[in-house]
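J.: The sequence and its predicted three-dimensional model are supplied below.
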Amino acid sequence: MSKEEFCSMISVSEPGPGDGGNTGSWRVVRPVIDLEKCIPAKTGKPSCFNCWLYCPDAVVTKTLPPTIDYTYCKGCGICAEECPAGAITMVDEASFTKEEK
Amino acid sequence: MHVIESGNVAAATGVKLARVQVIAAYPITPQTPLTEKLSEFVESDELSAEYIPVESEHSAMAVCIASSTTGARSFTATSANGLLYMNEQLHWAAGARLPIVMCVANRGVGAPWTVWNDHQDTVSQRDLGWIQLYCSDHQQIHDTVLKAFKLAETVSIPVMVCYDGYLLSHTYMPFDVPEQAQVDAFLPPFKPTHFLNPEEPRNFNTVTLPDVRPDLHGNTAPGYMEIRKTLHSDLRAALTEIEKIDGEFGEAFGRGGDPFVEPYRCEDADYVAFCMGSLSYQLRDVVDAMREEGTKIGVIGLKVYRPFPDAAVRDALTAHKGVIVFEKALSYGNQGALYADVKSALYSAETRPFVHNYIVGLGGREIKTHHLYDALTESIKNEAAIGDEPQWVGLKL
Amino acid sequence: MRQDIIEIRWHGRGGQGAITAAKIVANAAFKSGYNGVVMAPTFGTERRGAPVYTSLKIAREKIYDLSPIATPDMVVVLDHTLLEEVDVTHGLKEGGQIILNTPKSIDSYDFGAHRLSVADVTAYALEAGLAPGIVNTGVIGAFAKATGLVSRELLREAIRHEFSAMKPEENARAAALTYDRTVIGGA
């Protein structure tokens, strides 16, 4: 066997959406951003972005306004905990209709 | 160039010639002089490597895992309880497929506390997924270290180079040290296939689910079981590589022989003594004496214990009437582990020799040549009476 | 079992340099054509000053048995005060040699059927310019003279090599002085 043929299977993953599967389905509570309170959305300036910084799954964008990718958001609530403006509320998934999901 | 030095220095000299890049080690008798020598080489700039002193063997292996993951040629050494303290990281290094080389100066395991030689430390670690090679003299220690790096880096599996504590680590005998250029030609720089690289970020060995999973690109990524099966099949395939690398080494340095077993006066032998390490050389004197008395006997030293070269062992042993396995270790509550492996290898043979098991030299109990003589004589005389239970040699109470 | 191995046991105290002395003789013997050379120190937990010994076996062919010497052909004693603590003649073959560092005369000892050689190595080493108590290079001068196993020249070369960074000339001189003044007794 050549060197390349050895070690054909190892545990390796690349950073990027979806490498851990469709983790959005795990969510029981959903973070919802109130754009009236969100600092970058309210001021129109690229500032704060604590939600983007703290999100362990990198599903929050560093944009104006910030957005959340619900396909992969597990609903951990860290963004809501860290938001200095109290702009993120965790809302029960059951309160959303199938279409809204 | 021939030098007369200790077995630990023979190992250190091999590691230096292998141009190792990272050394992390914690002192433990009887390994200590090996890594002391390496720290001298680094201090004097004879060896350009990072020497990372650590606070435990567990950390030593953790550092080697980290450095090897970045693609650096990495080395550590230990003995006995130090090896066992590494245990969790040893499994990790094998599962992560890191080509780390580690010397183990074999020593008995506490309790009760002992610093002297037997093989319980490494034999108890036979199921890690590491390759285990055993040496019988200083030249073999030195040469095996060089071969170990090449082997590890070819098959992406870590390798233990095992040699008897004190009996080899602290004795002095002549061995040949090759030129650096010769070694460089045999052992090119380490080029890993997978490694941590900031340009291409990767996660290695995170939680791996029982089942396979789709990866980022929609391909099926292996689950735990596929990865572990690959480790096993690569270990089996490594037997071919061991043979190949031994051949290349022999061509380059003019030393070697059978890569798996080292037979002595076995061609026409009715009986064969079988063991690992320097004991196989001590048994040569016993074989000579018994041959003079008319007993057709030989001895085989096993050089590769994991992966177990069952075909080579079967080929070497089936033609004889009896095989007497001497071991400095025991699978407590059962039998000698090597004895069980030998019997297992012989099971599929058409004709099988009788196999006996002798436990010798635990915790450094001196192995007297006449004890070995008596054991072999007893086995040949009372074949049927001995049976399957391990026999203990050299007990005084 | 093998009859072709010359077995030499070296008695000293921890830190006295018995291992280095035996290693130098091993090197010189190897260069003289003895391809089988094995030197095995006592294994364990010796401390500075405690009696220790090391086994040196030499033969024309490779040596496979690493076990300690039980029946030496020669014993070398680096310090005469060891005679009060250790039976240095234990297992010594009949007619075997004893090489002893002592300030006393050869007539003050009676080792029966064994052959004794003596030298005041401690004094000669001081005279050669070594620090007090450095006796390991001197004693191998006595060993070489008494046994004839290695030549004066090869020994000198081996000492210079081993002590290349530590007073090589003084160490070589200590061996040479002792070589010339060693008193060899009869059986």
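T.: Good, I have the coordinates.

J.: wait, residue B:343 sits on residue B:353?
T.: No: in this structure, residue B:343 is not within contact of residue B:353 by Cβ atoms under 8 Å, at 10.2 Å. No exception for glycine: its C-beta is placed from N, CA and C like everyone else's.

J.: I'd like to know the average pLDDT value across stretch B:194-201.
T.: Stretch B:194-201 carries an average pLDDT of 91.

J.: Stretch A:40-59 now?
T.: Here stretch A:40-59 scores 95 as its mean pLDDT.

J.: circling back to that earlier point, same drill for residue B:343 and residue B:353, tell me which one is more crowded.
T.: Counted by other Cβ atoms under 10 Å in any protein chain shown, residue B:343 and residue B:353 do not tie: residue B:353 has more neighbours, with 19 against 16.

J.: Quick one: residues contacting that one.
T.: Contact analysis of residue B:353 by Cβ atoms under 8 Å, 6 or more residues apart in numbering or on different chains lists B:272, B:317-318, B:320-323, B:346.

J.: what about 10 Å?
T.: Residues counted as contacts of residue B:353 (Cβ atoms under 10 Å, 6 or more residues apart in numbering or on different chains) are B:270-272, B:317-324, B:342, B:346.

J.: For it, grab phi and psi.
T.: Backbone torsions for residue B:353, taken as degrees, to the nearest 10, come to phi -70, psi 160.

J.: Check what pLDDT it gets.
T.: What the model reports as pLDDT for residue B:353 is 97.

J.: How about the one 5 residues further on?
T.: At residue B:358, the predicted lDDT confidence score is 98.

J.: Then residue C:187?
T.: At residue C:187, pLDDT is 57.

J.: burial of residue A:34, as a residue count?
T.: By the measure other Cβ under 10 Å, the count of residues near residue A:34 is 14.

J.: So which residues of chain C form helices?
T.: C:18-31, C:121-127, C:136-147, C:152-162, C:168-181 (DSSP state H).

J.: wait, which of the ones you listed is closest to residue B:2?
T.: Closest to residue B:2 of the helices of chain C is helix C:18-31 (Cβ to Cβ; 7.0 Å).

J.: Dead centre of the chain: give me the residue that sits there.
T.: I'll assume chain A. The centre of chain A sits closest to residue A:59, judged by Cα atoms, centre = their mean, with a distance of 2.7 Å.

J.: wrong one, chain B
T.: By Cα atoms, centre = their mean, the mean C-alpha position of chain B lies nearest to residue B:133, the distance being 2.5 Å.

J.: hmm, the strand or helix carrying it in reach of chain C?
T.: Using DSSP states H and E, residue B:133 sits in strand B:131-134. No: shown here: strand B:131-134 not in contact with chain C (Cβ under 10 Å from any Cβ of the partner chain), separated by at least 15.0 Å.

J.: Domain map for chain B?
T.: Domain ranges of chain B: B:2-186, B:262-392, per automatic domain parsing.

J.: just the ones you listed: most buried one?
T.: Comparing these by mean neighbour count (mean count of other Cβ atoms under 10 Å in any protein chain shown), domain B:2-186 ranks first with a mean of 22.

J.: what helices or strands is the lowest-mean-pLDDT helix or strand in chain B leaning on?
T.: Using mean pLDDT, DSSP states H and E, strand B:213-214 stands out as the lowest-scoring helix or strand of chain B, at a mean of 87. Counting contacts by 3 or more Cβ pairs under 10 Å, 6 or more residues apart in numbering or on different chains; DSSP states H and E, strand B:213-214 packs against strand B:220-221.

J.: show me where pLDDT drops low in the stretch 151-300 of chain B?
T.: Judged by pLDDT under 70, the stretch 151-300 of chain B has no weakly predicted residues.

J.: what does it put close to chain C?
T.: For the stretch 151-300 of chain B, the residues in contact with chain C (Cβ under 10 Å from any Cβ) are B:164-174, B:264, B:278-290, B:292, B:299.

J.: Run through the neighbouring helices and strands of the helix or strand of chain A with the lowest mean pLDDT.
T.: Least confident element among the helices and strands of chain A, by mean pLDDT, DSSP H and E: strand A:12-13 (a mean of 90). Judged by 3+ Cβ pairs under 10 Å, 6+ apart, the packing partners of strand A:12-13 are strand B:203-204.
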